[in-house]
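Peer 1: quick one: sequence plus predicted model below, questions after.
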4 protein chains.
Amino acid sequence: MSSPTTEDDRRFVLSLGTPDRTGIVARISTFLAEVGGSIVEAAYHADPDSGWFFTRQAVSASSIDMSIDELRTAFTAVADELGPETEWTLQDSSERKRVVLLVSKEAHCLHDLLGRAAGGELPADICAVIGNHMDLAPVVEAHGLTFHYVPFPKDPAERGPAFHRVRELVDAHDPHAVVLARFMQVLPAELCEHWAGRAINIHHSFLPSFVGARPYHQAFARGVKLIGATCHYVTAELDAGPIIEQDVIRVDHADEVRDMVRQGRDIEKLVLARGLRWHLEDRVLVHGRKTVVFS
Amino acid sequence: MSSPTTEDDRRFVLSLGTPDRTGIVARISTFLAEVGGSIVEAAYHADPDSGWFFTRQAVSASSIDMSIDELRTAFTAVADELGPETEWTLQDSSERKRVVLLVSKEAHCLHDLLGRAAGGELPADICAVIGNHMDLAPVVEAHGLTFHYVPFPKDPAERGPAFHRVRELVDAHDPHAVVLARFMQVLPAELCEHWAGRAINIHHSFLPSFVGARPYHQAFARGVKLIGATCHYVTAELDAGPIIEQDVIRVDHADEVRDMVRQGRDIEKLVLARGLRWHLEDRVLVHGRKTVVFS
Amino acid sequence: MSSPTTEDDRRFVLSLGTPDRTGIVARISTFLAEVGGSIVEAAYHADPDSGWFFTRQAVSASSIDMSIDELRTAFTAVADELGPETEWTLQDSSERKRVVLLVSKEAHCLHDLLGRAAGGELPADICAVIGNHMDLAPVVEAHGLTFHYVPFPKDPAERGPAFHRVRELVDAHDPHAVVLARFMQVLPAELCEHWAGRAINIHHSFLPSFVGARPYHQAFARGVKLIGATCHYVTAELDAGPIIEQDVIRVDHADEVRDMVRQGRDIEKLVLARGLRWHLEDRVLVHGRKTVVFS
Amino acid sequence: MSSPTTEDDRRFVLSLGTPDRTGIVARISTFLAEVGGSIVEAAYHADPDSGWFFTRQAVSASSIDMSIDELRTAFTAVADELGPETEWTLQDSSERKRVVLLVSKEAHCLHDLLGRAAGGELPADICAVIGNHMDLAPVVEAHGLTFHYVPFPKDPAERGPAFHRVRELVDAHDPHAVVLARFMQVLPAELCEHWAGRAINIHHSFLPSFVGARPYHQAFARGVKLIGATCHYVTAELDAGPIIEQDVIRVDHADEVRDMVRQGRDIEKLVLARGLRWHLEDRVLVHGRKTVVFS
């Protein structure tokens, strides 16, 4: 996979899903050729299971004598031909995306994302960090970012106002991604729905193993020889959303729970960073319970 | 890890588990030093969870002026000191071990083990292969080995005699390992009990994900990004026995079930071969639901 | 990646490389749409380094009302438009491909490929096996295949006639792949040239580390923590041909050379099997010293 | 592997290497048993190549009624028995270790180590960071640490005073590890000698592939399918010191050099963090050009 880093690398990125039939690629690529688009990266997937077709195409922005809005308008006619079920986006890679992070006490994913942002590695700006504990405020502020503290009451039945406050703080930025970077509160169904396709969680197990709380304790008890992490979209069903990325690391009998926790952090950081990057680069297309990832 | 392949490499291998307390290593190593034992390989594990201590020590047989039986007799006094719960074995690596394979129609694990045996890579002899289908008889016989066909009735309630026949055929060899090399019949509880610690299964998923039938179909439906295989001891609870070894391979949205099946085979073969090897070299100590693997 | 296994899965596969310019995808996909081709799998790569464009497209054969020869004829006009440098093939997946294996004494890659062929997993027929030692004749013949013994003189200067004999035996099958499955003779430059793009070697190191003889000994001496294997096209420069696939496995201080040899075999088998499969499915496009692999 | 995190976890750690002979384990473990030492972790390695024996043993500090200095004095008698070549250390895990980092412009390894230190994951204090560019001063200071700027002249022949200044700044802390966290100056031989066994480098390739400058460019040109990183002790011969840890990540034809650089960073961070941790926990024993790592 290749990522733009300079103005020369500016791209227009089309992501599209539609019921499969003959001629879709021809229609799209003819359109792109007619506007002069030089294809830098292209990927296709015809899914025999669902009967859908998915594609992502990145064209050099400098090869097209149109703005992204003009291109969108022009493409609408093509999308109409492909039928009403067609889902598509056209993005300008030079339009900076926005991310809001939700955190609790665990610092490693936050540190990792802040470090990547500082190193220019994250294709987005971190607009704000919201925490239900104060612990991580200092590191966020040391990076010159805003930390919002939203305390959560102990009684789950009374957390509505806190979630409401989080929603307001997040929505103020209209972010492309709401990242639960080891945020230890289960989102209510209405927030899952509201941020559908944008709320991304890192779960500290190789799902569907060890759903729910304390997955490393579960892994230790079962005696597995690998532990993992899963980056997935958040849905109302706990830990069951479409999976974006997973990875594992080897453990053995000498690893206690705290060792699994420590080693697992490295996998959590990597898996979240990869999944978030792909999401922000419009490489992830969701269909039903599953994802197509053009990594 | 190092494996004996010549007479010079002949080893006496002690595997031992006992409730932990100070002085166990000193007691054992002093014993080994007194009989002149040159330690080639040694591994220890103190498990804070169970309070048990485990060790495996391989000494050069040529350094000890005793037979394995004399050494066993001598060590009995040490084991007695360590207390009545102590479990131990002392093996002579030159005593060839025996394996019986159970198969159905899937050929890949069988081919792999036969190839390893032919290449001198398996530290055991394959005494017999038993199948509930005839499909794999030819390749077994081409390797000069005996194939026993034991047909299984469709009605699970009527399979008792078939299992009885399998038991007879297996037990005739008093094997160190009974390998379910993609054997598609669930062993009855009494056979699990009878072969406890010797019956080894390869399950085609990364347990505890996708217990039971058609795990690749389950993996496809869930949209996981890695598929795996698990080598474990067989117990009465399905796919829940102590895990010896696991590994995974990356898949993506373009992989259909049949692609997962094909790619998964490579992992199944590797995981079973590694797990079986460690079992045969007395590297696996079972404690409760978990294993200590001195690989 | 997805692989055909039934008549319904029969595909026509286009592989093409050409200097990059706008409109190539449109031209090809319009052609495919005009003949009714339903695209099952498509991959593209624009290489900014060389300025070339590469694609592989698999269409359902049943969607096109032409024979493969008619389709080739029809596509010639498109290829002409793309310019004289264009390199392309159109393959019918139902046309069975042919493979010849060259072996010496090491059995594991041969066993592995024979097992895969017997299991219907290899998308080709093994036409013959040629060895410069007799050791592997029995297993080849047990699989009902022909083994040719071609002894090689000790003096490298006198090996010309033996290579000539090997060439005759190989060329009699006009194979799509000549696999050096741990064949321990260095091919002369003229044979490398003659079988260019078809001769595939498995080297037992992670190239470019440890070129030449006894790579596991080199790896042991250097104290690396991973060992690997490399599947590559054979060229006149030793171990320097375009790399198709590589993989590694972890070793540690306790692994002696013989342990590396044993563990390395598993990686050699996997890497060769994957590389050969991709080659046979027209997924590998060579350009200069490098490959594009649409796996 | 298990790591101490609380007072209860305080350990005395013995690391020892000596020419192998019968009775070493017995002698050491008898000594430990006599002082009441409860062994928490123990590892052994007899190296047939060099004829040396290595061990690392961690005992619970609370089980021994001695200070670490008294224990060292007591063990001296044992070490004397084992002979004059014996090399050993006895460390108290509660004695905080010191690390100095050398950096240039690349930020990722620095960010990663600072994040781990802030998260309490690094078993040491970062005493100072020294850079030959100013770029990384702000992040260091944001973590409340001291940054020393030591500019290096362009002419390599005139860098002596700069290296002298670095040496002074480092030695002021008498650190257990001097980490070249992507420090882009080659240490002179005298500094390699002076910090022998303490200076740790992260090289951005899977050594011995791609020694020297711009390894990702070399990897791209060769068309390898995996890229890697190597953590090793610094010696006078460039990139040839004893390897502590290595790992790799998969790349493909679509990855340009900048993609390799980006993805490689994740491996560099992991490999350096693992290697440094093992070094600080006295898990790495150097013998000749190689390491024994009791991870």
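Peer 2: Great, that's in hand.
Peer 1: helix, strand or coil: sort out the closest residue to residue A:117 other than its chain neighbours for me.
Peer 2: Spatially, and ignoring its direct neighbours in sequence, residue A:117 is nearest to residue A:126 (5.3 Å; CB to CB, 6 or more residues apart in numbering or on different chains). For the C-beta atoms, the positions are set from N, CA and C on the backbone; glycine is no exception. With DSSP: H, G, I helix; E, B strand; the rest coil as the basis, residue A:126 sits in strand.
Peer 1: equivalent analysis for residue A:33, please.
Peer 2: helix.
Peer 1: any idea how far residue A:113 is from chain B?
Peer 2: 21 Å (CB to the nearest CB, to the nearest Å).
Peer 1: hang on, that residue in a strand?
Peer 2: No: under three-state DSSP, residue A:113 falls outside any strand and is assigned helix.
Peer 1: you'd agree it is up against residue A:101?
Peer 2: Yes: Residue A:113 lies in contact with residue A:101 (CB atoms under 8 Å); the separation is 6.6 Å.
Peer 1: neighbour count: the two, which is higher?
Peer 2: Taking other CB atoms under 10 Å in any protein chain shown, residue A:113 and residue A:101 do not tie; residue A:101 has more neighbours (28 against 25).
Peer 1: how about that one, nearest residue that isn't a chain neighbour?
Peer 2: Nearest non-adjacent residue to residue A:101 (CB to CB, 6+ apart): residue A:129, at 4.6 Å.
Peer 1: the helix or strand harbouring the one you found pairs with which strands, parallel or anti?
Peer 2: Residue A:129 belongs to strand A:125-131 when assigned by DSSP states H and E. For strand A:125-131, the paired strands and their directions (DSSP bridges) are strand A:98-103 (parallel), strand A:147-149 (parallel).
Peer 1: so what touches whichever helix or strand comes after it?
Peer 2: Next helix or strand after strand A:125-131 toward the C-terminus (DSSP H and E): helix A:137-142. Here helix A:137-142 makes contact (CB atoms under 8 Å, 6 or more residues apart in numbering or on different chains) with A:107, A:110, A:111, A:114, A:129, A:131, A:146, A:147, A:149, D:118, D:142, D:143.
Peer 1: same check on stretch A:61-71?
Peer 2: Contacts for stretch A:61-71 (CB under 8 Å, 6+ apart): A:8, A:10-12, A:35-38, A:74, A:90-95, C:22.
Peer 1: could you find the closest non-adjacent residue to the closest residue to chain C within the stretch 151-295 of chain A?
Peer 2: Distance from chain C to each residue of the stretch 151-295 of chain A (CB to the nearest CB) is smallest for residue A:250, at 8.3 Å. Among residues not flanking residue A:250 along the chain, residue A:226 sits closest, at 5.6 Å (CB to CB, 6+ apart).
Peer 1: verify the stated contact: the one you found with residue B:249.
Peer 2: No: if you go by CB under 8 Å, residue A:226 and residue B:249 don't touch, sitting 11.8 Å apart.
Peer 1: any shared contact partners between these two?
Peer 2: residue B:228.
Peer 1: residue A:30: which element?
Peer 2: helix A:24-34.
Peer 1: that helix and chain C, any residue contact?
Peer 2: Yes: if you take CB under 8 Å from any CB of the partner chain as the test, helix A:24-34 does meet chain C, through A:25, A:26, A:27, A:29, A:30, A:32, A:33, A:34.
Peer 1: pretty sure the second one contacts residue C:32?
Peer 2: Yes: applying CB under 8 Å, one finds residue A:26 in contact with residue C:32, separated by 6.9 Å.
Peer 1: and those two? which has more neighbours close in?
Peer 2: Ranked by neighbour count (other CB under 10 Å), residue A:26 and residue C:32 place residue C:32 first, with 26 against 21.
Peer 1: touching, that one and residue C:58? I think so.
Peer 2: No: shown here, residue C:32 and residue C:58 do not form a contact pair, counting by CB under 8 Å, at 10.4 Å.
Peer 1: shared neighbours of those two, anything?
Peer 2: Common contacts of residue C:32 and residue C:58 (CB under 8 Å, 6+ apart): C:14, C:39.
Peer 1: okay, now the residue nearest to residue A:117: neighbour count?
Peer 2: 24.
Peer 1: check residue A:204 too.
Peer 2: Using other CB under 10 Å, residue A:204 has 24 neighbouring residues.
Peer 1: and it, what does it touch?
Peer 2: With contacts taken as CB under 8 Å, 6+ apart, residue A:204 has the following neighbours: A:182, A:215, A:216, A:229, A:264, A:268.
Peer 1: with secondary structure as extra columns, can I get the residues you listed in a markdown table?
Peer 2: Formatted as a markdown table, those follow (three-state DSSP):
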| residue | secondary structure |
| --- | --- |
| A:182 | coil |
| A:215 | helix |
| A:216 | helix |
| A:229 | strand |
| A:264 | helix |
| A:268 | helix |
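Peer 1: mind putting those residues into CSV with distance to chain B, pLDDT and neighbour count?
Peer 2: Output for the contacts of residue A:204, formatted as CSV (distance: CB to the nearest CB, whole Å; pLDDT from 0 to 100; neighbours: other CB atoms under 10 Å in any protein chain shown):
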residue, distance to chain B, pLDDT, neighbour count
A:182, 20, 97, 23
A:215, 11, 95, 23
A:216, 13, 96, 22
A:229, 11, 98, 27
A:264, 15, 97, 24
A:268, 15, 98, 26
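Peer 1: and the residue of the stretch 51-200 of chain A closest to chain C?
Peer 2: For the stretch 51-200 of chain A, CB to the nearest CB, closest residue to chain C: residue A:63, 6.8 Å.
Peer 1: check the burial of residue A:193 by counting its neighbours.
Peer 2: Considering only other CB under 10 Å, residue A:193 is surrounded by 12 other residues.
Peer 1: per-residue pLDDT, it?
Peer 2: For residue A:193, the pLDDT comes out at 97.
Peer 1: now do it against chain B, distance only.
Peer 2: 20 Å.
Peer 1: same question for residue A:154.
Peer 2: Going from residue A:154 to chain B by CB to the nearest CB gives 30 Å.
Peer 1: which parts of the stretch 101-250 of chain A sit against chain B?
Peer 2: Within reach of chain B by CB under 8 Å from any CB, the stretch 101-250 of chain A has these residues: A:206-210, A:220-226, A:228, A:242-248.
Peer 1: could you rerun that using 6 Å?
Peer 2: Residues of the stretch 101-250 of chain A lying near chain B by CB under 6 Å from any CB of the partner chain: A:208, A:209, A:222, A:223, A:225, A:226, A:243, A:245, A:246, A:248.
Peer 1: just the ones of those residues in strands?
Peer 2: With strands taken from DSSP state E, the overlap with those comprises A:226, A:243, A:245, A:246, A:248.
Peer 1: may I ask which of those has the most neighbours?
Peer 2: That'd be residue A:245 among these, by other CB under 10 Å, with 25 neighbours.
Peer 1: verify the stated contact: that residue with residue A:272.
Peer 2: No: using CB atoms under 6 Å, residue A:245 is not in contact with residue A:272; the gap is 8.2 Å.
Peer 1: overlap in contacts of these two?
Peer 2: Taking CB atoms under 6 Å, 6 or more residues apart in numbering or on different chains as the contact rule, residue A:245 and residue A:272 both touch residue A:231.
Peer 1: ok, back up a step: any idea which of the contacts of stretch A:61-71 is the one closest to chain B?
Peer 2: For these, the nearest to chain B is residue A:91 (20.3 Å; CB to the nearest CB).
Peer 1: thinking again about what came up before, list only buried entries from the contacts of stretch A:61-71.
Peer 2: Among the contacts of stretch A:61-71, those classed as buried by 16 or more other CB atoms under 10 Å in any protein chain shown are A:11, A:12, A:35, A:37, A:38, A:90, A:91, A:92, A:93, C:22.
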